[in-house]
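1. pasting the structure only:
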């Protein structure tokens, strides 16, 4: 066993400062993100674990500690400036979505970006960040431990770092590829893996998206397309919500006052149509939008790959199309969403957070919506995709704001334990903020004086302890409850549009409908007919026919269930 020389004495302070130095470049930002409430503690935990990897060469070669830390400090510290600077500007974590947005930007946009965001605040923060790193480096000293100890510590660090991959392979029986992806996702809060993993993930998801888009490009256009509105200037807006059940909305009879602004809009605009028996066919965003935005449905789930989408339909009808989203852009689950967005003529991506459980408020869509409403195109089709009331609910509304109003059991008709009640209240607060967002979008459209209509619906619902025995949280297609599928469906038409499109839609608000057939309702509202259009699938058509509202996994042999046979 190797013995330490007299001048090679182990020092706890030396070890602590080396760890602090390496952890600083990843943990400082994650600590601020956690303390400021932007996200949970998981990012800080992972950043610390994977920062310990750089401790290994220092333990192995203590006499080169200053050179090793200087070398890695320059590399890791330099790369960390990217994520720190990005967070200062956007209050979002650097992610693979940023690579996507960067790839979509041209030189002029990049130049404008630098001019706009190269502020005194940014320079000061980065200078202070670098200064603290230098101060930490000056405190770095060699860490002397016995040979056996350094090997034991190094092996333990490696084992602990690889543990997520090992658990995936052994316990979860995942493939090596999936286990490796899981490991990289755990490392993505740590420099330089943050940039490396995000770039690799971006390239992978971009490849998948391009393959899907290529398939769409070769699809034939819809046959015999006819537009009853001719060349009349108009703007049609589709707002897609997220995880919002109508059962928790005051305008639908919920006992708490969660939708005062939408209700006020209805008082001011009696022609606002609130459809009260609309459900989603799937409780997951991607799966329902594959149906709602295409001709696919529960009985024909693969048609989304074989037929044009709603965006293609509107472009074929001569509309300039826009996609504004506060959803994450390029993640494995959201590739399909990005694929839909890329079919539009213009896109606005407002949320580039690494983690969906982060604060990114839906009011971010207001500015691009105002911009698009003033676009000179005669015929505009705008899709706005919100983050809505997606879990975690406390990240969906500003803390200590007027929307952070439900804090006790007032208005709750059953007993809930403290943690459950907190989550229940957070969801209602998120609904309250969503009410502000939706009402604002409707008012922005109204105030713009554009001729047309705006339709809002949520992709699916969310059961937050509502169904007896009040212990269900979220969505589970294998154990469905009604609340997971009940969604708001609200339509407002401009005065000009109503004058030229007299209708009896108010008589249809109680119809039983599934959003899997949205494309037919939208076509009816927009005055579009074509070979695939089926008026009996439009909730606003006189020839509408009530059919079984199937829910569940259409790829499961016994996966489909009649929604109306679910217990109340």
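-> Structure received. Since we're looking at a predicted model, the values are computed, not measured.
2. Mind naming the longest helix for this structure?
-> In the chain, with assignment by DSSP state H, the single longest helix is helix 418-447.
3. List the pairing partners of the helix or strand that that one is followed by within its sheet, with orientation.
-> Downstream of helix 418-447, the next assigned helix or strand under DSSP states H and E is strand 452-458. According to DSSP bridges, strand 452-458 has the following sheet partners: strand 234-241 (parallel), strand 489-493 (antiparallel).
4. Could you give me the buried positions within whichever helix or strand comes after the shortest one?
-> Tracing the chain C-terminally past strand 489-493 and defining elements by DSSP H and E, one meets helix 495-500 next. Going by neighbour count (16 or more other Cβ atoms under 10 Å), the buried part of helix 495-500 is residue 497. Using the backbone N, CA and C atoms, a C-beta is placed for each residue, glycine as well.
5. same thing with stretch 378-388?
-> Buried residues in stretch 378-388, defined by neighbour count with 16+ other Cβ under 10 Å: 379-388.
6. and the residues you listed, which of them are in strands?
-> Within the buried residues of stretch 378-388, residues falling in strands by DSSP state E are 379-385.
7. Which single one of those residues is nearest to residue 227?
-> Of all these, residue 227 sits closest to residue 379, with 8.9 Å by Cβ to Cβ.
8. Could you list the low-pLDDT ranges of this protein?
-> The chain contains residues with pLDDT under 70 at 1-7, 38, 90-118, 194, 198, 200-210, 212-213, 216, 329-335, 352-358.
9. TSV for the strands paired with strand 452-458, including distance to residue 25?
-> Below are the strands paired with strand 452-458 laid out as TSV (distance: least, Cβ to Cβ, whole Å):
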stretch	distance to residue 25
strand 234-241	38
strand 489-493	48
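10. Tell me which of these lies nearest to residue 298.
-> Closest to residue 298 of those, according to Cβ to Cβ: strand 489-493, at 17.9 Å.
11. sorry, back to before: tell me the buried residues in the longest helix of the chain?
-> Under 16+ other Cβ under 10 Å, the buried positions of helix 418-447 are 421, 423-446.
12. Show me what it packs onto, helices and strands only.
-> Contact partners of helix 418-447 among helices and strands, from 3 or more Cβ pairs under 8 Å, 6 or more residues apart in numbering; DSSP states H and E: strand 234-241, helix 260-268, helix 366-373, strand 452-458, strand 463-464, strand 489-493.
13. can you rerun that using 7 Å?
-> strand 234-241, helix 260-268, helix 366-373, strand 452-458, strand 463-464 (3 or more Cβ pairs under 7 Å, 6 or more residues apart in numbering; DSSP states H and E).
14. and the angle from it to strand 489-493?
-> Per axes from the mean of the first three to the mean of the last three Cα atoms, to 10 degrees, the angle that helix 418-447 makes with strand 489-493 is 20 degrees.
15. Could you figure out how far helix 418-447 is turned away from helix 260-268?
-> Using the same axes, to 10 degrees: helix 418-447 against helix 260-268 is 40 degrees.
16. What is the nearest of the ones in strands among the buried residues of stretch 378-388 to residue 281?
-> Nearest member of those to residue 281, counting by Cβ to Cβ, is residue 385, at 18.2 Å.
17. separation between residue 296 and residue 85?
-> From residue 296 across to residue 85, the span is 42 Å (Cβ to Cβ, to the nearest Å).
18. Those two: who's more crowded?
-> residue 296 (24 against 18; other Cβ atoms under 10 Å).
19. Surely that one and residue 289 touch.
-> No. With contact defined as Cβ atoms under 7 Å, residue 296 does not count as touching residue 289 (9.9 Å).
20. Go through stretch 10-17 and flag the buried ones.
-> Judged by neighbour count using 16+ other Cβ under 10 Å, the buried positions of stretch 10-17 are 14-15, 17.
21. so of those, which ones are in helices?
-> 14-15, 17.
22. Name the nearest residue to the residue most central in space within the chain, ignoring sequence neighbours.
-> For the chain, the residue nearest the mean C-alpha position is residue 327 (3.2 Å; Cα atoms, centre = their mean). Leaving out its chain neighbours, the residue that sits closest to residue 327 by Cβ to Cβ, 6 or more residues apart in numbering is residue 385, at 5.3 Å.
23. Tell me what the one you found is bridged to.
-> residue 240, residue 325.
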